[in-house]
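1. generate a structure from the sequence data that follows.
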Amino acid sequence: MRIAVHDVNKGKKGHALPTTSLEIETGHARFVLAETELRPTVLGLIATGRMRPDTGEVTIDGTRNDRDLRRRMALVDAPEVSDPHPGVTLAAVVGEELMFAGLPATPLHARRWLEQIGFAELAAQPIGTIKPSVRVRVMAELAVLRDDVEGFVLVSPDRHGGRPEGWWRIATEFAERGFAVLVIVGGSAAAVIERLPEALQTSYPSNATVPVRPLADVTGSTTVRDADPVPEPEPAPELEPVLEPEPEEHRVSSQAPAASSLNDHEEDDPVAEPDPVAEPVEAPAPEDTDTEDTETENGAAR
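-> Numbers count the residues shown, from 1 in each chain. The predicted structure follows:
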């Protein structure tokens with residue numbers, strides 16, 4: 001499978017996403033630089049066929065087919081779209097994703113699944129307090145449970161803190177298992193990843209760890225050029241993802257409607273213009289979670 005994102009942008013004057021080109025392919029992990037609060041999620045939505053760009057196109061195996069792209073590529077941990085609410089327990093997140101994968105999804109099944117991957121002791125812990133590398137491992141493993149999924153886009157894992165080497169090597173492990181992986185990161189994480197030994201020992205284009213940034217040359221040159229600075233005199237417009245109609249079930253762990261889950265399916269033909277999507281409703285934190293007293297791993301209050 002090869003996904004080509006060609007000269008896409010979004011928003012007035014590219015404010016939401018400047019012109020960007022990149023490729024994702026089976027058996028490779030690639031990272032791409034996208035910064036500001038909005039752009040990583042916008043790029044993730046476009047790269048997985050869940051949002052139409054204003055210009056450019058996204059193809060899968062040489063053909064534009066958004067429905068097939070959504071079916072085969074999962075969107076993992078995208079802020080305000082597919083990230084779990086921080087107060088929901090890890091077992092609840094697992095149980096919900098088991099259900100969407102068509103697997104038994106009782107609390108017992110969720111705990112057994114966590115035990116299989118080595119994290120049973122974290123079942124009752126809020127996911128917002130889980131180590132970044134563990135969070136990436138669990139979310140990625142859940143994303144590939146569905147039979148049709150052949151890859152995923154992981155959005156801004158560096159926002160959770162931790163060392164980039166940890167979650168980046170998890171991404172490369174999934175590539176070695178035969179998945180296509182794109183990780184959208186900020187500048188600091190990109191600077192660390194591109195200096196890792198595995199990113200230096202092989203050459204472009206066979207090495208998918210070479211960063212591809214907006215306006216990068218993806219034709220075979222090792223030169224990577226940063227996009228020109230884009231002035232932002234006004235806030236970016238609110239964007240509506242291109243999603244299929246919301247199913248009856250609702251995701252209790254997500255901050256967004258159920259229609260934006262990791263790997264949605266669409267019954268209607270692609271390219272049909274969707275109805276407006278309702279504004280996402282932020283799920284309240286559980287009653288037993290004292291947000292003023294909860295501390296993160298480094299001791300800072302959440």
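2. in stretch 137-151, what counts as buried?
-> 137-146, 149-151 (16 or more other Cβ atoms under 10 Å). Where C-beta positions appear, they are placed from N, C-alpha and C, glycine not excepted.
3. among those, which one lies nearest to T20?
-> G151 (18.0 Å; Cβ to Cβ).
4. tell me the contacts of the closest residue to that closest one other than its chain neighbours?
-> Among residues not flanking G151 along the chain, A180 sits closest, at 3.0 Å (Cβ to Cβ, 6 or more residues apart in numbering). Counting by Cβ atoms under 8 Å, 6 or more residues apart in numbering, A180 touches 1, 3, 24-28, 73, 150-152.
5. tell me the one of those nearest A110?
-> F152 (20.4 Å).
6. that closest one contacts V76, doesn't it?
-> Yes. Look at F152 against V76 with Cβ atoms under 8 Å: they come within range, at 4.9 Å.
7. which one's more surrounded, those two?
-> F152 (29 against 25; other Cβ atoms under 10 Å).
8. excluding chain neighbours, give the residue nearest to the more buried one in space.
-> A74 (4.0 Å).
9. quick one, phi psi at the one you found?
-> With angles defined as degrees, to the nearest 10, A74 sits at phi -90, psi 150.
10. what's the neighbour count on it?
-> The number of residues packed around A74, counting by other Cβ under 10 Å, is 27.
11. how about the secondary structure of G49?
-> coil (DSSP: H, G, I helix; E, B strand; the rest coil).
12. does it really touch V58, like I thought?
-> Yes. If you go by Cβ under 8 Å, G49 and V58 touch, sitting 6.5 Å apart.
13. residues that sit against both of the two, list them.
-> 66, 69.
14. can you list the buried residues of stretch 137-151 in TSV and add secondary structure, distance to D7 and pLDDT?
-> Converted to TSV, the buried residues of stretch 137-151 look like this (DSSP: H, G, I helix; E, B strand; the rest coil; distance: Cβ to Cβ, whole Å; pLDDT from 0 to 100):
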residue	secondary structure	distance to D7	pLDDT
R137	helix	34	96
V138	helix	35	97
M139	helix	30	97
A140	helix	29	97
E141	helix	34	97
L142	helix	32	97
A143	helix	27	96
V144	coil	29	96
L145	coil	33	96
R146	coil	30	91
V149	coil	27	97
E150	coil	24	97
G151	strand	21	97
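15. would JSON lines of those residues with distance to G187 be doable?
-> Below are the buried residues of stretch 137-151 laid out as JSON lines (distance: Cβ to Cβ, whole Å):
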{"residue": "R137", "distance to G187": "24"}
{"residue": "V138", "distance to G187": "26"}
{"residue": "M139", "distance to G187": "23"}
{"residue": "A140", "distance to G187": "23"}
{"residue": "E141", "distance to G187": "28"}
{"residue": "L142", "distance to G187": "28"}
{"residue": "A143", "distance to G187": "25"}
{"residue": "V144", "distance to G187": "28"}
{"residue": "L145", "distance to G187": "32"}
{"residue": "R146", "distance to G187": "32"}
{"residue": "V149", "distance to G187": "29"}
{"residue": "E150", "distance to G187": "29"}
{"residue": "G151", "distance to G187": "24"}
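16. so which of the residues you listed comes closest to L122?
-> Scanning the buried residues of stretch 137-151 for proximity to L122, where the rule is Cβ to Cβ, the winner is V138, at 8.5 Å.
17. wait, that closest one sits on A120?
-> No. Contact criterion Cβ under 8 Å: V138 and A120 do not qualify, at 11.7 Å.
18. now the common contact residues for the two.
-> In contact with both V138 and A120: L114, using Cβ under 8 Å, 6+ apart.
19. picking that back up, which one of the buried residues of stretch 137-151 is nearest K10?
-> G151 (21.5 Å).
20. wait, the closest one touches L69, no?
-> No. Counting by Cβ under 8 Å, G151 does not reach L69; the two are 10.1 Å apart.
21. list the residues that contact both of these two?
-> Contacts common to G151 and L69, judged by Cβ under 8 Å, 6+ apart, are I3.
22. so where's the stretch 151-300 of the chain uncertain?
-> 198-300 (pLDDT under 70).
23. can you rerun that using 80?
-> Along the stretch 151-300 of the chain, the model assigns pLDDT under 80 to residues 197-300.
24. which of the contacts of A180 are buried?
-> 1, 3, 24-25, 28, 73, 150-152.
25. how about the residues you listed in a markdown table, adding secondary structure and distance to D83?
-> Output for these, formatted as a markdown table (DSSP: H, G, I helix; E, B strand; the rest coil; distance: Cβ to Cβ, whole Å):
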| residue | secondary structure | distance to D83 |
| --- | --- | --- |
| M1 | coil | 25 |
| I3 | strand | 22 |
| I24 | strand | 21 |
| E25 | strand | 26 |
| H28 | coil | 24 |
| M73 | strand | 17 |
| E150 | coil | 22 |
| G151 | strand | 19 |
| F152 | strand | 14 |
